[in-house]
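Novice: Give me coordinates for this.
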Amino acid sequence: NGNWIVQRDTSGDIASKPPVQVWLASLASLPFGRAHWFTLAIPSVLGVTMTALVAAWFAARVMPKDTRAPLFAGLLVAISMMGAKQVALVRTDALLGGVVALTAALAWGASRGKTNWVFFWIAGAIGALTKGPVGPLVASFGLVSRPWRTGEKQSKPILTHADGVALFIAITGGWVLLAYLDAGQPFIDKVIGKELVGHATASGKGDPPLVGFYKSPWYFLWFYAPASPLALVCLFRMWKAADERTRAVVRFLGWWMLGGLALFSLSPHQRADLLTPIWAPCGALAGCLVAHWVSEWSRRAVWGAVFAAMVLTFTAVHVHRHMVVADDKHIVRARMIEELGERLRSYHSLDRLRAYNSHSYLEYVLGRMTIRLTDEQARTWWLSKLPMTVNATWWENSEREPESVHVADSIEDGQFRIDVVHYRG
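Specialist: Prediction:
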């Protein structure tokens, strides 16, 4: 809808997240003229893919002579249930995890004298514009292990860091400035105040930091299994590896994973999805342990195990989505809204149909993004005898006479109802 700097939701409120996820999804949708599920999911797919590739890349540095390690590292990320969930939900967390993984890989390379620190700061800026400063912060935790001690050569840290920091500020600060010029103080209040500061100081229920400190470790072990427990076992076994280079990369991954987990445990805002920035080191370490276990297997046996794991995972996802939760009320309502949207597209001129207080998903199904009518606008629209979609309780609980309301279409599941209505006059 042309709002490239500051996005808004269907209520007209400023979007709470920075714009990179929306930019990528919008660019993917442009050739089709509207957003589709697969174009909206492209950033999430990209994030999971980046995470898997970086996990494989690090595993290859832990075990450079064993091709099984990167294979299993990438596999444990790519075909996990968390990966399927991230793609299905189309959240920013999958993309953030991929960008953080790339940023950490660039940090490793720069600390070892392989790349320039400028690239680390540029990737960090992209992470900050994906979901805030937590991205580059988590990506830098691996540097606590001081990997440059075993690097082959050293870059010029003062010069390159100065250049990188300048670019970081220019990229992130440039967007903040443009967003402020576009939306004014409401942008600061929503994105900086409510989202960034608010989530750092209290949960959605008002809980302060440390109240739910145990949740993130539990989420990590449960939702990122089987990679998460395997990663911890590998870290314990290889922390004091005899080879200096192997020890350096293992400790880098360990500090990255455990440091990030500690940070998320301190936060009052706790969700399993938020742990994607430590997904790559988890997959890399777990892949190395699995590779060690199957070191005596033949190539045919390894690829057979990989194929079996893929089949089992995709089967589990299909069964869960289409059988276990098929009757979940949210999924049922989504199907109902899709059916209503298809009917409306067939017999309504959409430019004459507006939403007042109905479900936002209906706007997506209709292939558009309109701001919901305010109370005053709804009264004007109503008296103009033009159709609008409403929550049925709106007009049922209002002072309008039932005979003045024409219900052109409706969906209902007992607890949820949307009507398409207009004023008879």
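
Novice: and Phe223, what is it in contact with?
Specialist: Counting by CB atoms under 8 Å, 6 or more residues apart in numbering, Phe223 makes contact with Met81, Met82, Ala272, Leu275. C-beta: built from backbone N, CA, C; applies to glycine.

Novice: can you put these in TSV and add secondary structure?
Specialist: Output for the contacts of Phe223, formatted as TSV (DSSP: H, G, I helix; E, B strand; the rest coil):
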residue	secondary structure
Met81	helix
Met82	helix
Ala272	helix
Leu275	helix
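
Novice: Just the buried ones among these, please.
Specialist: When the contacts of Phe223 are checked for burial by 16 or more other CB atoms under 10 Å, the buried set is Met82, Ala272, Leu275.

Novice: closest to Gly283 among these?
Specialist: The shortest gap between Gly283 and any of the buried ones among the contacts of Phe223 belongs to Met82, at 10.4 Å (CB to CB).

Novice: With distance to Ser384 and pLDDT as new columns, can the buried ones among the contacts of Phe223 be given to me in TSV?
Specialist: As requested, the buried ones among the contacts of Phe223 are exported to TSV (distance: CB to CB, whole Å; pLDDT from 0 to 100):
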residue	distance to Ser384	pLDDT
Met82	49	85
Ala272	47	89
Leu275	50	94
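
Novice: Can I get the residues you listed in JSON lines including distance to Arg368?
Specialist: What follows is the buried ones among the contacts of Phe223, written out as JSON lines (distance: CB to CB, whole Å):
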{"residue": "Met82", "distance to Arg368": "32"}
{"residue": "Ala272", "distance to Arg368": "33"}
{"residue": "Leu275", "distance to Arg368": "35"}
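
Novice: Of those, which is the nearest to Pro70?
Specialist: Once CB to CB is applied, the member of the buried ones among the contacts of Phe223 that ends up nearest Pro70 is Met82, at 19.5 Å.

Novice: low-confidence ranges in the stretch 251-400 of the chain?
Specialist: Low-confidence regions of the stretch 251-400 of the chain, defined by pLDDT under 70, span residues 347-348, 392-400.

Novice: What segments of it are helices?
Specialist: Along the stretch 251-400 of the chain, counting by DSSP state H, counting those that start in this stretch, helices occupy 279-293, 299-319, 329-347, 360-365, 375-383, 392-396.

Novice: And the ones you listed: which comes nearest Gly127?
Specialist: Closest of the helices of the stretch 251-400 of the chain to Gly127 is helix 279-293, at 12.8 Å (criterion: CB to CB).

Novice: What is that closest one packed up against?
Specialist: Packed against helix 279-293 by the contact rule (3 or more CB pairs under 8 Å, 6 or more residues apart in numbering; DSSP states H and E) you find helix 37-62, helix 68-78, helix 92-111, helix 227-238, helix 244-266.

Novice: Now tabulate the ones you listed in TSV and tack on mean neighbour count.
Specialist: Converted to TSV, the helices and strands packed on helix 279-293 look like this (neighbours: other CB atoms under 10 Å):
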stretch	mean neighbour count
helix 37-62	23
helix 68-78	26
helix 92-111	27
helix 227-238	21
helix 244-266	21
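
Novice: hang on, the earlier thing: quickly name whichever of the contacts of Phe223 is closest to Ser111.
Specialist: For the contacts of Phe223, the residue nearest Ser111 by CB to CB is Leu275; the value is 24.0 Å.

Novice: The closest one and Trp293, how far apart?
Specialist: Note on Leu275: its distance to Trp293, by CB to CB, to the nearest Å, is 25 Å.

Novice: just Gly132 next, same as before
Specialist: Separation of Gly132 from Trp293 (CB to CB): 38 Å.

Novice: Those two - which one has more neighbours?
Specialist: Ranked by neighbour count (other CB atoms under 10 Å), Gly132 and Trp293 place Gly132 first, with 21 against 12.
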